[in-house]
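**Student:** give me the fold of what follows.
(one chain, ligands or ions: 1)
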Amino acid sequence: MYSKTKSLMARGSAFLGSDYAILCGAMSWVSERNLVAAISNAGGFGVIACGAMTPDLLDAEIAATKALATKPFGVNLITMHPLLFDLIAVCAKHGVGHVVLAGGIPPKGSIEALKAAGAKVICIPPTLALARKYLRSGADALVIEGSEAGGHIGPVATSVLAQEILPELADDHLVFVAGGIGRGEAIAGYLEMGAAGVQLGTRFACASESIAHPDFKKAFFRANARDAVASVQVDPRLPVIPVRALKNKGTEEFTAKQLEVARLLDEGQVDMTEAQLQIEHFWAGALRRAVIEGDVENGSIMAGQSVGMVTQEEPVAAIIAELLGESETALARR
Ligand SMILES: Cc1cc2nc3c(=O)[nH]c(=O)nc-3n(C[C@H](O)[C@H](O)[C@H](O)COP(=O)(O)O)c2cc1C
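**Tutor:** Below is the predicted model of the structure:
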């Protein structure tokens, strides 16, 4: 079954140790033991989102995932976590096979430490130049993620990144494509361009096995592509890292907050450091509020533009089967 797709995915699945080279990208609060194990057990590759977890919490999460998963899974670490090297030690203790380093340039020694522990390292370069640099530094594979994706995003669309990076690197390296993938036809297209596999987040966030709050899931099922908007920076002095999330009261208030802080700055009531901190702290805890507490008004409902293709709760296995079926049909028509 799915023989054409599987053959195009062969390098990627051999690297991951999964049946199919379909990663479920780590999603903070969402990608915990239940979803991760469900993805891997269904033949994809689940990745635990460490996010801001302490080393002890990560330790417990990996142990719990191991108890549920019968197939390999990975761990996603955020490079600016203050205890990154302790988190790496936790992954090493558990013999985690694949670690994704997200959120910026991996600090000196981090790739080496992971490789010394026997883990395969996956990096997420925003440009071709950084892609080459990460490979030189020892990355075993890359995920290129375009701005259609949910969560923290770069400025360039998946379709453009794929055209810039795949022809240069995909023959000799493993490159997975992420961002905006909602159907199998798109998977087939990127595989034909040389991708070793794909990574999806939004499409899996509301699977039956996901612990996301029912109201978070409802917001996804109701939303269209145009509702998943990137946060906008209002004042050039106050940097905002773009995050793609569903429009809600929180996103409107964030704009108002930026205007207010800019005014306080103009009036000399706050200094630049305080102003920037107020902007940075606005969303603290906001993803947890939406995913876990179901506060879809004030929380951050991170979602990619493919959210319009997520219309109902389905088991992970059904989603993967649907994606593979669509890819296979598309390839058979070629
Ligand atoms: C709710 C949510 C939370 C996310 N959290 C993280 C994260 O903690 N670390 C990370 O590297 N990527 C994170 N992402 C990005 C995903 O791993 C994945 O690359 C992305 O969702 C793929 O694009 P798509 O949403 O268009 O499928 C998140 C995405 C979403 C939707």
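
**Student:** on the three-state scheme, A26 is what?
**Tutor:** Per DSSP: H, G, I helix; E, B strand; the rest coil, the secondary structure class of A26 is coil.

**Student:** what's the neighbour count on it?
**Tutor:** By other CB atoms under 10 Å, 26 other residues sit near A26. Heads up, the C-betas are built off the backbone N, CA and C, glycines and all.

**Student:** P106 looks like it's in a helix, true?
**Tutor:** No - using three-state DSSP, the secondary structure at P106 is coil, not a helix.

**Student:** shouldn't it be in contact with T79?
**Tutor:** Yes - taking CB atoms under 8 Å as the definition, P106 is a contact partner of T79 at 5.2 Å.

**Student:** and those two? Which one has more around it.
**Tutor:** When P106 and T79 are compared on other CB under 10 Å, the one with more neighbours turns out to be P106, at 23 against 15.

**Student:** and that one, how far from the ligand?
**Tutor:** 13 Å (CB to the nearest ligand atom, to the nearest Å).

**Student:** repeat for K133
**Tutor:** Distance check for K133 against the ligand: by CB to the nearest ligand atom, it reads 18 Å.

**Student:** name the residues of the helix or strand where T329 lies that are buried.
**Tutor:** Per DSSP states H and E: T329 is located in helix 316-333. Buried residues in helix 316-333, counted by 16 or more other CB atoms under 10 Å: 316-317, 319-321, 323-324, 326-328, 330-331.

**Student:** for stretch 141-160, same thing?
**Tutor:** For stretch 141-160, burial by neighbour count (16+ other CB under 10 Å) applies to 141-154, 156-159.

**Student:** ends of it, what's the gap?
**Tutor:** In terms of CA to CA, to the nearest Å, the two terminal residues of stretch 141-160 are separated by 19 Å.

**Student:** for stretch 57-77, same thing?
**Tutor:** Criterion CA to CA; first-to-last residue distance in stretch 57-77 is 13 Å.

**Student:** centre of the chain versus it, how much separation?
**Tutor:** Taking CA atoms, centre = their mean, to the nearest Å, the mean C-alpha location of stretch 57-77 is offset from the chain mean by 17 Å.

**Student:** also stretch 28-35?
**Tutor:** On the basis of CA atoms, centre = their mean, stretch 28-35 is displaced by 12 Å from the centre of the chain it belongs to.

**Student:** the ligand contacts on this protein?
**Tutor:** With the criterion set to CB under 6 Å from any ligand atom, the chain comes near the ligand through 25-28, 30, 49, 51, 76, 102, 145, 148-151, 178-181, 199-203, 205, 302-304, 306.

**Student:** so which bits of the lowest-mean-pLDDT helix or strand in the chain are buried?
**Tutor:** Sorting the helices and strands of the chain by mean pLDDT, DSSP states H and E puts helix 272-281 at the bottom, at a mean of 94. When neighbours are counted by 16+ other CB under 10 Å, the buried residues of helix 272-281 are found to be 275-276, 278-279.

**Student:** which one of the residues you listed is nearest the ligand?
**Tutor:** I279 (19.8 Å; CB to the nearest ligand atom).

**Student:** nearest residue to that closest one in space, please, no chain neighbours.
**Tutor:** Closest residue to I279 in three dimensions, ignoring its sequence neighbours and counting by CB to CB, 6 or more residues apart in numbering: L238, at 5.0 Å.

**Student:** who's in contact with the strand or helix carrying I39?
**Tutor:** Take DSSP H and E as the rule and I39 turns out to sit in helix 33-41. Contacts of helix 33-41 from elsewhere in the structure, counted by CB atoms under 8 Å, 6 or more residues apart in numbering, are 18, 24, 45-48, 61, 64-65, 67-73, 204, 207, 209-211, 315-317, 320.

**Student:** what mean pLDDT does the next helix or strand after it have?
**Tutor:** Once the chain leaves helix 33-41, the next helix or strand it forms, by DSSP H and E, is strand 45-49. When pLDDT is averaged over strand 45-49, the result is 99.

**Student:** which neighbouring elements make contact with strand 45-49?
**Tutor:** If you count contacts as 3 or more CB pairs under 8 Å, 6 or more residues apart in numbering; DSSP states H and E, strand 45-49 packs onto strand 22-24, helix 33-41, helix 55-68, strand 74-78, strand 98-102.

**Student:** off-centre distance for it?
**Tutor:** 9 Å.

**Student:** ok, which stretches of the chain are strands?
**Tutor:** In order along the chain, the chain carries the following strands (DSSP state E): 22-24, 45-49, 74-78, 98-102, 120-123, 141-145, 151-152, 174-178, 197-200, 228-230, 243-246.

**Student:** run through the helices of the stretch 101-250 of the chain in chain order.
**Tutor:** Per DSSP state H, counting those that start in this stretch, the stretch 101-250 of the chain has helices spanning 110-116, 128-136, 158-169, 184-192, 202-205, 214-222, 249-266. These are given in chain order.

**Student:** now the longest one: buried residues?
**Tutor:** Residues of helix 249-266 classed as buried under the neighbour-count rule (16+ other CB under 10 Å) are 250-251, 254, 257-258, 261-262, 265.
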